[in-house]
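*Asks:* just need the structure, nothing else, for what follows:
(2 chains)
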Number of protein chains: 2
Amino acid sequence: MNSKIKWLREKMKILNLEGMIISNPVNIRYLTNIVAEGILLITRKENIFLTDGRYIEEVQNILTIDDGIVVHEFKEYTKDEYENFFMFCENVGFEEDYVTYAEYKEYMHKYKVNNFQETEKMLEKQRMIKDDEEIQKLRKACKITDDCFNHLINYIKVGQTEKQIALEIERYFKLNGAEGISFDPIVASGKNSSKPHAVPTNKKIDLGDIITLDFGCKYEGYCSDMTRTIFVGYIPEEAKKVYDLVLQEQIKTKKELKEGMNIKTISKMVENNFKINGYDLIHSLGHGVGLDIHELPIINSKNDMNLKEKMVITNEPGIYIPGKFGVRIEDTVLIGKEISENLTKSSKEYIIVDKQ
Amino acid sequence: MNSKIKWLREKMKILNLEGMIISNPVNIRYLTNIVAEGILLITRKENIFLTDGRYIEEVQNILTIDDGIVVHEFKEYTKDEYENFFMFCENVGFEEDYVTYAEYKEYMHKYKVNNFQETEKMLEKQRMIKDDEEIQKLRKACKITDDCFNHLINYIKVGQTEKQIALEIERYFKLNGAEGISFDPIVASGKNSSKPHAVPTNKKIDLGDIITLDFGCKYEGYCSDMTRTIFVGYIPEEAKKVYDLVLQEQIKTKKELKEGMNIKTISKMVENNFKINGYDLIHSLGHGVGLDIHELPIINSKNDMNLKEKMVITNEPGIYIPGKFGVRIEDTVLIGKEISENLTKSSKEYIIVDKQ
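*Replies:* Numbering: from 1, shown residues only, chains lettered A, B, ... in the order given. Below you'll find the model as predicted:
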């Protein structure tokens, strides 16, 4: 059995679960590398993956004997087989944050389980700590993102629209080794940069604009996430001050990010430093990154949790001045024991594009 | 109150629901035009929309007095206000196919409702029948899709990769009035076209290839969906026969699609006609299209339901010969009383691109 399923079985023992139904495709991929519609059923004796006929061949190709997973087609699995699968299981776990109420009721009916038990994001919590293979994939996703940024610096010109630049990001990723984008890129120029979640518009890039570029790709399922704020033609004095403050906080935060440090304390620190300068941190300081672009842990001043080695999170302070402009600087960071590593490595010096 | 919320209140009366919690953002958009994270709470006395601070301004701009919806910020809504909102409601409906089990339990705790009641896709069923405004938007999405196809016929050349063409589809949509794609485009050439759900690869387009192009866009939230199968350079004899059969069935089906016709019967007809010729219909004949790319009704031989005027569905028979090639032809169709209308109008004659 692979190490992740071994871990799951150990965990199930501790929680007194004799069985488990895993429905969230991201958790299935995490445990098995399977990328297909289906459901993973686990007992202390066996693991089966039920899927659609379309996927059988592909799934068989991914799995090795080491995985110890038997694959069946949904339509060949009978009512009795469903009812008998968990026959000797008193408690069966399910993912209450993924399964809908209707599915929950369907499971009750289908599997005839005595006691369905909530598992409190047990898999999502385990996914916070990345193994070496996962780190390699995250590293690769971040490398492609850095390369894309390098490309953008030369690509971006006055007169292009935000939408055009967003499309170029997507094009670059798809043609340069990534599976695609990890989220819809944010390209927010001029006043639009004052909205942290701006959607690319038909606004044309203008001299004197600030552009917030927030983007990332997926490599073998793993996401990257980076933001750089750049200048068009020249750097307006007002923006420079805000840029310096955000960068200073981003670098300070990076130094705090390591095993044992408290997420709440770090977030409060940034909030306070912004406040002293007359600004608010209006969104979270960061979030976990992995198979999902947003995963645990959330990095904000409500999360009283300590960082652990091999977590991968973002560090993304930002300041937004309504009606004027905004600055956000973000890296994807691998948490270490003594020191953390920025997996995104693009320069954070002032970058001026289309210098006339 | 707008007509859709009026309908909902009538429906609630019939079902003996004094209140309703609407969580699915697509259903919220359908009822209110609101495109924002949040939750819509309805009683016989009032309608409120709870949302994040970021969206307040935008939501206020969309709503009119006619909508009769009061907007509040989540964080300003107190524990008491949640508990009191449904105070005089015995039965409160919720969307059991959207709400997770964890959310369901959270609702129980938060709203202190006596009896939460499943609503059995009541909104999704209503969404099957489109009003004139919705039809206008679907029509526009289909028009942009036809224009995109026209563009592709001239664009596609031997040597391009499937991925490049898929990106061009996305680029075209985003720069020509659509909000974006309604699903990841399928560009499947040569052998790849034998997989109905092929993902675009780095395979280069070659002379003698068949290409299946399955794509659509979103216009003001509403989706289009069209498939054309085209030829590169020339038409291989074997492919021609299959193309003719698929097209013949697609046209026959179109004639059957009208108010009162039975979905199961129509689907069986296509299945049988394929079988007579030695082929199987391995996927559904079609599906509803609207704010979601796949919505009710599903068009297959298990759905014993009659078509109704102003449903919008796809008509997409396909034949797939493993290891060789596949042909699918699909239109988005507006069901009429006597006759239906293809909203996608691109030619289904043999189309040969990059004729040498």
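
*Asks:* check the offset of stretch A:139-150 from the chain's centre.
*Replies:* 15 Å (C-alpha atoms, centre = their mean, to the nearest Å).

*Asks:* average pLDDT across it?
*Replies:* Stretch A:139-150 carries an average pLDDT of 98.

*Asks:* with chain B in mind, check whether that stretch reaches it.
*Replies:* No: figure legend: stretch A:139-150 not in contact with chain B (C-beta under 8 Å from any C-beta of the partner chain); closest approach 14.2 Å. The C-beta positions use only the backbone N, C-alpha and C, and glycine is treated the same way.

*Asks:* buried set for that stretch?
*Replies:* A:Arg139, A:Lys140, A:Ala141, A:Cys142, A:Lys143, A:Ile144, A:Thr145, A:Asp146, A:Asp147, A:Cys148, A:Phe149 (16 or more other C-beta atoms under 10 Å in any protein chain shown).

*Asks:* what does stretch A:217-226 give?
*Replies:* Buried residues in stretch A:217-226 (16+ other C-beta under 10 Å): A:Cys217, A:Lys218, A:Tyr219, A:Glu220, A:Gly221, A:Tyr222, A:Cys223, A:Ser224, A:Asp225, A:Met226.

*Asks:* just stretch A:166-179 next, same as before
*Replies:* For stretch A:166-179, the neighbour count (16+ other C-beta under 10 Å) marks A:Ala166, A:Leu167, A:Glu168, A:Ile169, A:Glu170, A:Arg171, A:Tyr172, A:Phe173, A:Lys174, A:Ala178, A:Glu179 as buried.

*Asks:* chain center to the helix or strand hosting the third one: distance?
*Replies:* This points to A:Glu168. Counting by DSSP states H and E, the element that carries A:Glu168 is helix A:162-175. With C-alpha atoms, centre = their mean as the basis, helix A:162-175 stands 20 Å off its chain's centre.

*Asks:* pairing partners for whatever helix or strand comes next after it, with directions?
*Replies:* Next in sequence after helix A:162-175, counting helices and strands by DSSP H and E, comes strand A:180-181. Its sheet considered, strand A:180-181 pairs with strand A:217-219 (antiparallel) by DSSP bridges.

*Asks:* mean confidence score for the helix or strand just after the partner strand?
*Replies:* Going down the chain from strand A:217-219, the next helix or strand is strand A:222-223, by DSSP H and E. The pLDDT scores in strand A:222-223 average 98.

*Asks:* how about the residues of the stretch 101-250 of chain A near chain B?
*Replies:* Applying C-beta under 8 Å from any C-beta, we find that the stretch 101-250 of chain A lies next to chain B at A:101-105, A:118, A:163-164, A:166-167, A:170-171, A:174-175, A:196-197.

*Asks:* first-to-last residue distance for stretch A:113-126?
*Replies:* Taking C-alpha to C-alpha, to the nearest Å, stretch A:113-126 runs 25 Å from one end to the other.

*Asks:* now tell me what touches that stretch from outside.
*Replies:* A:7-8, A:11, A:15, A:17, A:19-20, A:22, A:24, A:27, A:30-31, A:86, A:89-97, A:104, A:107-108, A:295-296, B:101-102 (C-beta atoms under 8 Å, 6 or more residues apart in numbering or on different chains).

*Asks:* what is the most widely separated pair among the residues of the stretch 101-250 of chain A next to chain B?
*Replies:* By the measure C-beta to C-beta, A:Lys105 and A:Gln164 form the most distant pair in these, at 47.7 Å.

*Asks:* could you check which of those two has the larger neighbour count?
*Replies:* A:Gln164 (20 against 14; other C-beta atoms under 10 Å in any protein chain shown).

*Asks:* OK, contacts around A:Gln60?
*Replies:* Contact analysis of A:Gln60 by C-beta under 8 Å, 6+ apart lists A:Val71.

*Asks:* same deal with A:Arg139?
*Replies:* Counting by C-beta under 8 Å, 6+ apart, A:Arg139 has contacts A:Leu334, A:Leu343.

*Asks:* helix/strand/coil for it?
*Replies:* Under DSSP: H, G, I helix; E, B strand; the rest coil, A:Arg139 falls in the helix class.

*Asks:* let me have the buried residues of stretch A:139-150 in TSV, extended by distance to A:Ile39 and secondary structure.
*Replies:* Output for these, formatted as TSV (distance: C-beta to C-beta, whole Å; DSSP: H, G, I helix; E, B strand; the rest coil):
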residue	distance to A:Ile39	secondary structure
A:Arg139	31	helix
A:Lys140	30	helix
A:Ala141	28	helix
A:Cys142	32	helix
A:Lys143	34	helix
A:Ile144	32	helix
A:Thr145	33	helix
A:Asp146	38	helix
A:Asp147	38	helix
A:Cys148	36	helix
A:Phe149	39	helix
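
*Asks:* and the residue lying closest to A:Cys223 once chain neighbours are set aside, how far from A:Ile144?
*Replies:* Sequence neighbours aside, A:Ser182 is the residue nearest to A:Cys223 in space, at 3.7 Å (criterion: C-beta to C-beta, 6 or more residues apart in numbering or on different chains). Remark: distance between A:Ser182 and A:Ile144 (C-beta to C-beta, to the nearest Å) = 11 Å.

*Asks:* swap in A:Ala239?
*Replies:* Note on A:Ala239: its distance to A:Ile144, by C-beta to C-beta, is 29 Å.

*Asks:* which residues touch A:Gly38?
*Replies:* A:Pro25, A:Ile28, A:Phe49, A:Leu50, A:Thr51, A:Asp52, A:Tyr55, A:Val59, A:Phe74.

*Asks:* the last one - nearest residue in space that isn't next to it in sequence?
*Replies:* This means A:Phe74. A:Leu50 is the one closest to A:Phe74 (C-beta to C-beta, 6+ apart), at 5.4 Å.

*Asks:* go on, A:Gly318?
*Replies:* Using C-beta to C-beta, 6+ apart, the closest residue to A:Gly318 is A:Arg328 (3.2 Å).

*Asks:* which non-adjacent residue is nearest the residue of the stretch 251-356 of chain A found nearest chain B?
*Replies:* Of all residues in the stretch 251-356 of chain A, A:Ile282 sits closest to chain B, at 8.4 Å by C-beta to the nearest C-beta. Excluding its sequence neighbours, the residue lying closest to A:Ile282 (C-beta to C-beta, 6+ apart) is A:Tyr320, at 6.3 Å.
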